[in-house]
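Participant: Just need the structure, nothing else, for what follows:
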Amino acid sequence: MIAQSVFFVSNADAQTGLLFDGDFESGTFQGWTPGGINGGFASLAAKGSCFSGNDTTAISFNGNPTSNYAALLRSNPNGDTDSIATLRSQPFIAGNGVIFSALTETLSADPGDQPVDFIVNIIDSTGAVISEQPYRTAIVQLAEGCPSEPRDTAFSGHFIDTHQLVGQEIAIEFTQNTRGEGLGYFTLIDNVVFIDESSFLLSTSQPRAVAGTGITTSGTFFLDPRSSTDPDDAPFDLSYSWFINGETSIRELDIPCVNLNSDVQLDAGNNIATLYVNDGFSYSADTIRFVIPEESSGTTATATDTTDDTGTDTDTDTDTGTDTTDGTDTDTDTDTATGPTLTDPLNECDVDLTADFLDPPTDDDGTDGTDGDATDGGDGVGDPTNDGGTVEPSISVTGGASFTIGGNAVNPSSNATITQSSLGASIISATVSVQNPQDGDSLSLDNPPTGLDVSGQQSATLLIRLEAGAQVTDETFENAIESITYSYEVPAGATPVTTARTISYTVNDGNDVSGIQTTLVTIIP
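Facilitator: Predicted structure coming up:
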C-alpha cells in the first residue's frame, strides 16, 4: 500500500484512508460498481493467479506482501477498441483528492508506448461528468502464456485533484479500453486512498503544462511541450500526451509532427490541441490554437521572385524610318528562387526531448531570391508566426503556501514565468484572484514595480496594469506576481473557513488572454 506519510499529513480529526474498499481486500466490490460498454468489464484479480493469457503469477500488487486482490479493467475477449471497462465508486463528499495505484499489461513482443486509454472521470450528484483526466500508468511487459516466464513491475502512483470540489457530493469512475484492435490488455487498480479537506500534500507542486509549436530545421511544423516544467522533478520524469481536435483517443507522443512527414494529419484552418503533462503523481493541461493553411500539403517550398532584375535584357530594334538607332526594348527577365525540399532529417518528430531543434532562418521574406527560405517564403506548413496564426501568451506559476489564521500574510507563488504569444507582444496586464473567495480573504501587492498600477488592493482580486506611457519587461510582471501576498482575517462573529484557497493567474498582451494557472493556499486554524 502507498505509505500515506510520503504524500500527505493530516490533523487529528482527518478522515484520510481507503476510499470504500479501496484495496479490494474483501474479495468483492464493496462501494464500487463494475460495468462496461460493448463487453468491456471490471473484475477482481487474485495475486499469484493467471488472470490473463500472459504470465501474471509474479505481479506483486504494488509490492505489498499482504495484498491479495486488485481491481482489473479490460475490454471484451475479442479486444475490440470500442469495448470499454468501467469501475465507479459510490457517491462521497469530496476532500482535497484521491490517490490510487495502477499497472497496465503489454507483451514483450509488443511493448508499445501506451497500450490502453486509461481515464478517470469525476461525476457530480446528477450523474454528469464534470472532469475527464487521462493518466499514463506503469506498464509490465509480460511473457505470452500462463504460466510461462514470471515477471513483475512496480505500480505507478497517481493523484486525482478534487480540492476545488470540497464539500460537494461526487463519484469517481475509472475507464479503460485497448488501443490496439484484438489486444485486450488489462489495467490493475489498487489502494484507492481518500484525502480529506483537513489533509494536505507534503509535495504540493504539480507539473505545469505549456503547449507550444515549432519548426524543424527542415521546415516541418510540430507541437512542442518542452516549455513544460515540474518544480520538484518528482516522483518521475514528465510524460506527454496530446488530445487533438476532439479525436477519440489521446495521442501518446512527445513531439508530434503535423502534416509533412507527420505523426498527425490535420485539416486546413483553425486547429486545437490540448497537452497533458504527467509526473506520475499528478497532471496538468494546456490548450493551444493554431492555423493550418490550405497549401500545407506540398513537399517542396518554392519562393518565386518577381522583383529582382538578374536576367539579360534583349533589345529588339524596330525601324521607324530614317532613324536606325531608335528602338524598343523587350525585357525577358526571369528570376526564380527554389527553397529546400521539406524532409525531416530525423524522419519523425516524436523524438527524445534532448533532440536539437533549431528555429529556421527569419531573414528572408521570399522576395529577394537569395535563399528561398521555406519558412517565410510561403511554405504553408502551419507556422503560426509567419502563416497568419497566433498562439496566445501563457503564464506558469509554482509554489503554494500555508496561511495560519492570525498570522502573517504569505506569498502564494514563489516563481512566475511568462511566455509571449507568437506575435511577440509584451504583457500589458495580469489578473490574480482567489477562485473560491471567503469573507476576509485579501490579496495585496506592496510597493509595485515602477510602471505598474495595481487595482483591488486588500480584495480577492488584483488587477496589475501597465501605466499609461510606461514600458516594462515581462520580467517586471513576473516579479510583481511573485511579490503578491494572501491574507485571511476572520470577520467578527464568523466561524473560520478552513477550506484551501485556489489562487488563479492570467496575463494579457493586448491581443489575447492566457489560460488560467493556479496555486493552492492551505488554511491552518
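Participant: show me where the protein has helices.
Facilitator: For the chain, the helices defined by DSSP state H occupy 4-7, 474-483.
Participant: any idea which of the ones you listed is most buried?
Facilitator: Among the helices of the chain, helix 474-483 has the highest mean neighbour count (mean count of other Cβ atoms under 10 Å), at a mean of 19. All C-beta spots, glycine's among them, are computed from the backbone N, C-alpha and C.
Participant: if you skip the residues just before and after it, what's nearest to residue 481?
Facilitator: What sits nearest to residue 481 in space, not counting adjacent residues and going by Cβ to Cβ, 6 or more residues apart in numbering, is residue 416, at 4.2 Å.
Participant: thinking the one you found is in contact with residue 397, fair?
Facilitator: Yes - contact criterion Cβ atoms under 8 Å: residue 416 and residue 397 qualify, at 5.0 Å.
Participant: Spit out the residues that contact those two alike.
Facilitator: The contact sets of residue 416 and residue 397 overlap at 481, 505 (Cβ atoms under 8 Å, 6 or more residues apart in numbering).
Participant: one step back: which one of the helices of the chain lies closest to residue 93?
Facilitator: Across the helices of the chain, the minimum distance to residue 93, taken as Cβ to Cβ, is reached by helix 4-7, at 19.3 Å.
Participant: beta partners of residue 141?
Facilitator: When bridges are assigned using DSSP bridges, the partners listed for residue 141 are residue 106.
Participant: Could you measure from residue 257 over to residue 448?
Facilitator: Look at residue 257 and residue 448: by Cβ to Cβ, to the nearest Å, they are 44 Å apart.
Participant: Find the nearest non-adjacent residue to residue 75, please.
Facilitator: If the residues on either side of it in the chain are set aside, residue 75 comes closest to residue 83, at 3.8 Å by Cβ to Cβ, 6+ apart.
Participant: In contact with that neighbour, which residues are there?
Facilitator: Going by Cβ under 8 Å, 6+ apart, the list of residues near residue 83 reads 36, 37, 38, 39, 40, 75, 76, 177, 178, 184.
Participant: What about residue 451, how many residues nearby?
Facilitator: A total of 16 residues lie near residue 451 under the criterion other Cβ atoms under 10 Å.
Participant: and it, what does it touch?
Facilitator: Residues touching residue 451, when contacts are defined by Cβ under 8 Å, 6+ apart, comprise 466, 467, 470, 471, 472, 476.
Participant: Quick check, the last one in contact with residue 449.
Facilitator: Yes - the pair residue 476 and residue 449 passes the contact test of Cβ under 8 Å, sitting 4.9 Å apart.
Participant: For the residue nearest to residue 433 when sequence neighbours are not counted, the count of nearby residues, please.
Facilitator: What sits nearest to residue 433 in space, not counting adjacent residues and going by Cβ to Cβ, 6+ apart, is residue 461, at 4.3 Å. Neighbourhood size, residue 461 [other Cβ under 10 Å]: 16.
Participant: For residue 19, see how far away residue 461 is.
Facilitator: 35 Å.
Participant: same question, residue 429
Facilitator: Look at residue 429 and residue 19: by Cβ to Cβ, they are 42 Å apart.
Participant: How is the chain divided into domains?
Facilitator: Each structural domain of the chain that the record assigns through automatic domain parsing is listed here as a residue range: 4-201, 204-308+334-391, 394-524.
Participant: Make CSV from those domains and add mean pLDDT to it.
Facilitator: Shown next, in CSV, are the domains of the chain (pLDDT from 0 to 100):
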stretch, mean pLDDT
domain 4-201, 84
domain 204-308+334-391, 57
domain 394-524, 86
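Participant: Stretch 33-53: end-to-end distance?
Facilitator: Taking Cα to Cα, to the nearest Å, the first and last residues of stretch 33-53 lie 25 Å apart.
Participant: What are the buried residues along it?
Facilitator: Applying a neighbour-count criterion of 16 or more other Cβ atoms under 10 Å, one finds 34, 36, 39, 40, 41, 42, 44, 45, 47, 51, 52 buried in stretch 33-53.
Participant: How about stretch 515-525?
Facilitator: Buried residues in stretch 515-525 (16+ other Cβ under 10 Å): 515, 517, 518, 519, 520, 521, 522, 523.
Participant: for the nearest residue to the fifth one once chain neighbours are set aside, phi and psi?
Facilitator: When the adjacent residues along the chain are set aside, residue 520 lies closest to residue 400, with 4.7 Å between them (Cβ to Cβ, 6+ apart). With angles defined as degrees, to the nearest 10, residue 400 shows backbone torsions of phi 100, psi 160.
Participant: Could you report the neighbour count for residue 400?
Facilitator: Neighbour count of residue 400, defined by other Cβ under 10 Å: 23.
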